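Participant: Predicted model and sequence below, questions to follow.
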Amino acid sequence: MAGNAKKQPEKPAETDSKKSTSTRFLMFRFSSEKRGAAIKVFIAGVLALLMFSQVISSYMQLNEVYSSISDANSELSNLRSENVRMQTELEGKASIRNIKDYAENHLGLQKLDQSQIQYIEIQKEDTVEIDGEEQNIFVRLKHKCDDILAYLRG
């Protein structure tokens, strides 16, 4: 039974006779090999919990990214449908019938009838005729001097 004495818990002796039996605590004795193994198991368990929490955290971040992508895609589809609606509305407002209706009702324009149309004839050749009086030499000399002074002044 000497081998079993190490494994079984030892009960401390009561020093106070007034203490109740429910407040007893147990003490275990482990060999140094078992203590080292217990520490290794504890450290391995803590590392496993840390790795597990890191995996859970990465999945949470991935889920947030997927949800933001989904939100952006739904907003994009809403904006595209709004764009189609606005393009259709613009095409409807820019139709020939709507423009004609606006010109007649709001601007008071009317279609021309044959009595309002007038035709004019334009010469086919462009010619310029200058009616110039014959000026004496002094007047022409004065105009030349005026032109030179205007050129020099800038």
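Facilitator: Ah, there it is.

Participant: how about low-confidence regions in this structure?
Facilitator: 1-32, 128-133 (pLDDT under 70).

Participant: Farthest from the middle of it: give me that residue.
Facilitator: Checked against the mean C-alpha position of the chain, the extreme residue using CA atoms, centre = their mean is Asn136, at a distance of 80.9 Å.

Participant: Got the phi and psi for that residue?
Facilitator: phi -80, psi 170 (degrees, to the nearest 10).

Participant: so how far is Ser95 from it?
Facilitator: 70 Å (CB to CB, to the nearest Å). Quick note: C-beta positions are derived from backbone N, CA and C, even for glycine.

Participant: Please apply the same query to Gln110.
Facilitator: 20 Å.

Participant: Not counting its neighbours along the chain, what's nearest Asn98?
Facilitator: Distances taken as CB to CB, 6 or more residues apart in numbering place Gly92 nearest to Asn98, at 7.1 Å, with adjacent residues excluded.

Participant: correct me, but that neighbour touches Ile99?
Facilitator: No: in this structure, Gly92 is not within contact of Ile99 by CB atoms under 8 Å, at 11.4 Å.

Participant: need the contact list for the residue nearest the centre of the chain.
Facilitator: By CA atoms, centre = their mean, the chain has its centre lying nearest to Ala72, at 8.9 Å. Ala72 makes contact with no residue, according to CB atoms under 8 Å, 6 or more residues apart in numbering.

Participant: How about Gln110?
Facilitator: Glu104.

Participant: where does it land in three-state SS?
Facilitator: coil (DSSP: H, G, I helix; E, B strand; the rest coil).

Participant: Shouldn't Glu125 be within a helix?
Facilitator: No: applying three-state DSSP, one finds Glu125 to be coil, outside a helix.

Participant: mind starting the numbering at 57 from now?
Facilitator: Okay, using 57 as the starting number, the last item reads as Glu181.

Participant: residues near it, how many?
Facilitator: 4 (other CB atoms under 10 Å).

Participant: next one: the one 10 residues further on
Facilitator: Burial of Gln191 is recorded as 11 neighbouring residues (other CB under 10 Å).
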